[in-house]
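Engineer: Next input, structure requested:
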Amino acid sequence: MIKTTNKVIYSGIWFTISNFLMKTVGFITTPVFTRLLSKSEFGEFNNLQTWLILLTYITSLNLEGSLIRAVHEFKEDIDEYVSSMMMLGIISTSIWWLTFNLFYDFFNKVLYINRLYINCMFLYLICCPGVNLFQNLERYKYKYKWTVAINLTISIGASLLSVLFVCFGANKLSGRIIGYIMPTIIVGIMIYLYYFIKIKKIRFSYWKYVLPIILPYIPHLLSMSLLSNIDRVMIRKICGTEAVALYSLAYICGMIITMLVSSINSAFAPWLAEKLKIADYEIIRKVSFPYVAIFSYFAIGCVLVSPEILFLLGGYEYAEAIYVIPPVSAGCLMQFIYCMYVNVEQYSKKTMGMAFASIIAASVNYILNLIFIPQYGYIAAAYTTFMGYFVLLILHIFLVYKIGLIKIYDNKKICISVIAAVISIFSVSFIIKYYIIRYFILIGFILVGFYIIYREKEKLVIFRKSER
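Structural biologist: This is a model prediction of the structure:
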């Protein structure tokens, strides 16, 4: 048991570090692209990236989401299961690829993307199921070496190739897009070759197993993607590409927190599944509050240093976007909390309610965008997205309550922590340009953090003992 716990902790740390490093590489090169590309080109790339995220959920069916149960139900034949899912993902994406080309005139009016770039997108999309399934399987096996290697290869490769193609290519926008997608395509092809040579059998029974679980989950994922990305699509239509550039860069700053969400959840979800399997609810409840409190602390800290991050990434040209970061950060905090409840719903295979919750939240965001973006511009989109995430959190708490597992988390303390964090984040908006005041608060904030760590260090020892 001690060996297993250490393996979980060790792999979780490496998954978090690798995901963090993967995103960090993107942050490092962002200042290069904001200076090499015009605002219009930077906005166009972010529009394409937004649609790429949206289409990923539709075309690939998010088959990796089924692994949270499949690794336990098909433990002896998990490689055959993954190989079957890869083929299903390829077929699904190919059908969508053909559809987009047959009805290009219609899709061009919706996406504002030309045919060449659409086909580049689908080359990327057809390789995504392979990469995602392989990496998620490695996580559930608590193996990290290949995941770390792939993450760094894709992120570093995409950044380096993009810089080279932008600097030396004839078309800067094309260079940015091709450099971004090429590493994923290469890695995806290698994974497909490995699996289809090693595992020569595709079981249709696995397709029959997965589709009832995954298909109700697709509206949830699509709605979730719309919730976090429809703002840029609507800003592009209402305010233009330069407004998309300003909003996107500010969103990238706030995405430091989202980056941590995905990194931590990739380690937390397998751990949670293990504890739910053996009904060890006491340890889940014990961990839930400090888990949320630590993340909330980090979110507030990111907002306090956000003007410096924005200046580093974009310079004075993007300074007006500073007021986007607090609501984006608050929305990321909501996203972190609801992921805890989504993990429970996924494990319980109760995905239908998730779809309805996401559709409702995305609809709220869309309606608020229609009302407030024309009146207040792109900054309003950050606040409407936060409201969408808040609605989503409430709905997921209700869904877990209906499942009967609401008490596995320390909900009262979590709510207090979240409310305090959101108030703190929005309060920073009022002093964000008063640098001396903000620096004094930041120093005090850091000192308080160190004091709490020192005071609570004994509990870390107790936690490790309880895990054993």
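Engineer: Output the below-cut-off pLDDT ranges for the stretch 301-450 of the chain.
Structural biologist: 349, 351 (pLDDT under 70).
Engineer: Now do the strands in it.
Structural biologist: For the stretch 301-450 of the chain, strands defined by DSSP state E, counting those that start in this stretch do not occur.
Engineer: where exactly do the helices run in it?
Structural biologist: 306-314, 325-347, 352-376, 379-403, 411-431, 435-455 (DSSP state H, counting those that start in this stretch).
Engineer: is it true that residue 355 touches residue 219?
Structural biologist: Yes. Judged on CB atoms under 8 Å, residue 355 makes contact with residue 219 at a distance of 3.9 Å. Glycine gets a C-beta too; all of them are placed from N, C-alpha and C.
Engineer: So for residue 276, what's the nearest residue that isn't a sequence neighbour?
Structural biologist: residue 347 (5.2 Å; CB to CB, 6 or more residues apart in numbering).
Engineer: now the stretch 1-150 of the chain, which segments are flagged as low pLDDT?
Structural biologist: For the stretch 1-150 of the chain, the stretches with pLDDT under 70 are 1-27, 140, 142, 144.
Engineer: what's the burial count for residue 226?
Structural biologist: Using other CB atoms under 10 Å, the number of residues around residue 226 comes to 22.
Engineer: for the helix or strand hosting it, which positions count as buried?
Structural biologist: Assigned by DSSP states H and E, residue 226 belongs to helix 217-238. Neighbour-count burial for helix 217-238 flags 217-236 (criterion: 16 or more other CB atoms under 10 Å).
Engineer: what are the phi and psi angles of residue 405?
Structural biologist: Torsion angles at residue 405 (phi, psi; degrees, to the nearest 10) stand at phi -120, psi 20.
Engineer: and what of residue 61?
Structural biologist: phi 70, psi 10.
Engineer: so how far is stretch 273-280 from its chain's centroid?
Structural biologist: 25 Å (CA atoms, centre = their mean, to the nearest Å).
Engineer: May I have it exported as PDB, CA atoms only?
Structural biologist: In PDB, the C-alpha atoms belonging to stretch 273-280 read as follows (Å, rounded to 0.1, in the frame of the first residue of the first chain):
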ATOM      1  CA  ALA A 273     -11.200   7.100  -8.900                       C
ATOM      2  CA  GLU A 274      -9.000   4.800  -6.700                       C
ATOM      3  CA  LYS A 275     -10.600   6.200  -3.500                       C
ATOM      4  CA  LEU A 276     -14.100   6.000  -4.900                       C
ATOM      5  CA  LYS A 277     -13.500   2.400  -5.900                       C
ATOM      6  CA  ILE A 278     -12.800   1.400  -2.400                       C
ATOM      7  CA  ALA A 279     -15.300   3.800  -0.900                       C
ATOM      8  CA  ASP A 280     -12.600   5.600   1.100                       C
END
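Engineer: Would you confirm that residue 324 contacts residue 247?
Structural biologist: Yes. In this structure residue 324 lies within contact range of residue 247 using CB under 8 Å: 6.0 Å.
Engineer: May I ask you to confirm that residue 338 is in contact with residue 389?
Structural biologist: Yes. Using CB under 8 Å, residue 338 is in contact with residue 389, at 7.2 Å.
Engineer: just checking, residue 126 touches residue 92?
Structural biologist: No. Between residue 126 and residue 92 there is no contact under CB under 8 Å: 9.4 Å.
Engineer: Need the overlap of contacts for those two.
Structural biologist: Common neighbours of residue 126 and residue 92 (criterion: CB atoms under 8 Å, 6 or more residues apart in numbering): residue 59.
Engineer: Comparing those two, which residue is more hemmed in?
Structural biologist: Taking neighbours as other CB under 10 Å, residue 126 and residue 92 compare with residue 126 leading, 23 against 18.
Engineer: any idea which element that one lies in?
Structural biologist: Counting by DSSP H and E, residue 126 is part of helix 115-140.
Engineer: residues touching residue 441, list them.
Structural biologist: Residue 441 sits next to 304, 431 when contact means CB under 8 Å, 6+ apart.
Engineer: and it, how far is that from residue 434?
Structural biologist: Remark: distance between residue 441 and residue 434 (CB to CB, to the nearest Å) = 10 Å.
Engineer: what does residue 155 give?
Structural biologist: 36 Å.
Engineer: Give me the more crowded residue out of the two.
Structural biologist: Per other CB under 10 Å, whichever of residue 155 and residue 434 has more neighbours is residue 155, with 21 against 11.
Engineer: quick one, the helix or strand that that one is a member of and helix 115-140 angle?
Structural biologist: Under the criterion of DSSP H and E, residue 155 resides in helix 145-168. Relative orientation of helix 145-168 versus helix 115-140 (axes from the mean of the first three to the mean of the last three CA atoms, to 10 degrees): 160 degrees.
Engineer: Which positions in helix 145-168 come out as buried?
Structural biologist: For helix 145-168, by 16+ other CB under 10 Å, it's 147-148, 150-151, 154-159, 161-163, 165-166.
Engineer: Leaving out the residues flanking it, which one is nearest to residue 74?
Structural biologist: residue 81 (4.7 Å).
Engineer: mind checking which helix or strand the one you found is in?
Structural biologist: helix 78-102.
Engineer: List the buried residues for that helix?
Structural biologist: Quick answer for helix 78-102 (16+ other CB under 10 Å): 78, 80-90, 92-93, 96-97, 100.
Engineer: now that helix and helix 115-140, what's the angle there?
Structural biologist: For helix 78-102 against helix 115-140, the angle by the same axes, to 10 degrees is 170 degrees.
Engineer: list the helices and strands helix 78-102 packs on?
Structural biologist: Under the contact definition 3 or more CB pairs under 8 Å, 6 or more residues apart in numbering; DSSP states H and E, helix 78-102 sits against helix 39-60, helix 67-73, helix 115-140, helix 172-198, helix 204-214.
Engineer: what is in contact with residue 324 and residue 247 at once?
Structural biologist: Going by CB under 8 Å, 6+ apart, residues that sit against residue 324 and also against residue 247 are 378, 379, 382.
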